[in-house]
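> can't give you the sequence, but here's the structure:
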């Protein structure tokens, strides 16, 4: 497994086109792997290509990619990077790639990490009796947090979201004045950068866009927080296979970063 980082040159027209279209960005990322064909389906229950865009400032956008194979982002450098600078420095091709497997192998039960995840929190609803259930996005931070805090989802993912110590909670016992639970005050978890993406989805092997029906709409949410590893094997699957839906559109990639110092719960 490999973890790559590519800084997008937002001043270039090609970069702006990629940033405005999750389909175009997905195609550009997948083109970094010569052995993968556009018609190849993602593997089932196996490591896959995952990507995420992190925008720290208007002109600071980073593309992160986790992949089973080492990528070649030369085409991205030419389209959305700094090709002249890359050509002048043979030691800096315009992106950074590091082996990911050694890090994954070191993960252990009780390790605590900061994390970031861009996801597509959804649920199913039935508007009328007898109608089929419909997939619908969570739109409020309260319900978006609830999606990630779901106990079964955390168990499958091999982690648990840490709770804040009492002295850092603004609401007593993590509840509102009406006694209702409020996950934003109880847990080390924040929601930010909520976006609604709308686009036409190609249909069929010829890639023609369907003119029937409504455009595809995907609501993406970026979570930041702190977690503790409960199942190393499960979290390795999560880090290499992703969480939730819309993984082809920049969702599902969970990344970890050290706290002040990675710690393990005392026994």
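It's in. Note that the structure is a prediction, hence the values are computed from the model and not measured. Residues are numbered from 1 along each chain as shown.

> this protein: strands as residue ranges?
Residue ranges of the strands in the chain, as given by DSSP state E, are 2-8, 50-57, 60-67, 96-99, 112-119, 122-125, 134-137, 159-161, 189-199, 216-229, 254-258.

> adding mean neighbour count, write these out as a markdown table.
For glycine as for every other residue, the C-beta is placed from the backbone atoms N, C-alpha and C. Shown next, in a markdown table, are the strands of the chain (neighbours: other CB atoms under 10 Å):
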| stretch | mean neighbour count |
| --- | --- |
| strand 2-8 | 19 |
| strand 50-57 | 18 |
| strand 60-67 | 19 |
| strand 96-99 | 13 |
| strand 112-119 | 20 |
| strand 122-125 | 12 |
| strand 134-137 | 13 |
| strand 159-161 | 20 |
| strand 189-199 | 15 |
| strand 216-229 | 19 |
| strand 254-258 | 17 |
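
> poorly predicted segments of the chain, please.
Low-confidence segments of the chain, defined by pLDDT under 70: 38, 125-126, 130, 172-181, 201-214, 260-267.

> switch the cut-off to 80
The chain contains residues with pLDDT under 80 at 37-43, 57-59, 88, 90-91, 123-139, 166, 169-184, 197-216, 260-267.

> please enumerate the helices of it.
Assigned helices in the chain, in chain order: 13-20, 22-30, 74-80, 83-88, 101-106, 141-149, 151-157, 183-186, 232-241 (criterion: DSSP state H).

> circling back to that earlier point, can you add distance to residue 39 and give the strands of the chain back as JSON lines?
Below are the strands of the chain laid out as JSON lines (distance: least, CB to CB, whole Å):
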{"stretch": "strand 2-8", "distance to residue 39": "23"}
{"stretch": "strand 50-57", "distance to residue 39": "19"}
{"stretch": "strand 60-67", "distance to residue 39": "18"}
{"stretch": "strand 96-99", "distance to residue 39": "26"}
{"stretch": "strand 112-119", "distance to residue 39": "26"}
{"stretch": "strand 122-125", "distance to residue 39": "26"}
{"stretch": "strand 134-137", "distance to residue 39": "25"}
{"stretch": "strand 159-161", "distance to residue 39": "34"}
{"stretch": "strand 189-199", "distance to residue 39": "20"}
{"stretch": "strand 216-229", "distance to residue 39": "19"}
{"stretch": "strand 254-258", "distance to residue 39": "27"}
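
> alright, calling it a day.
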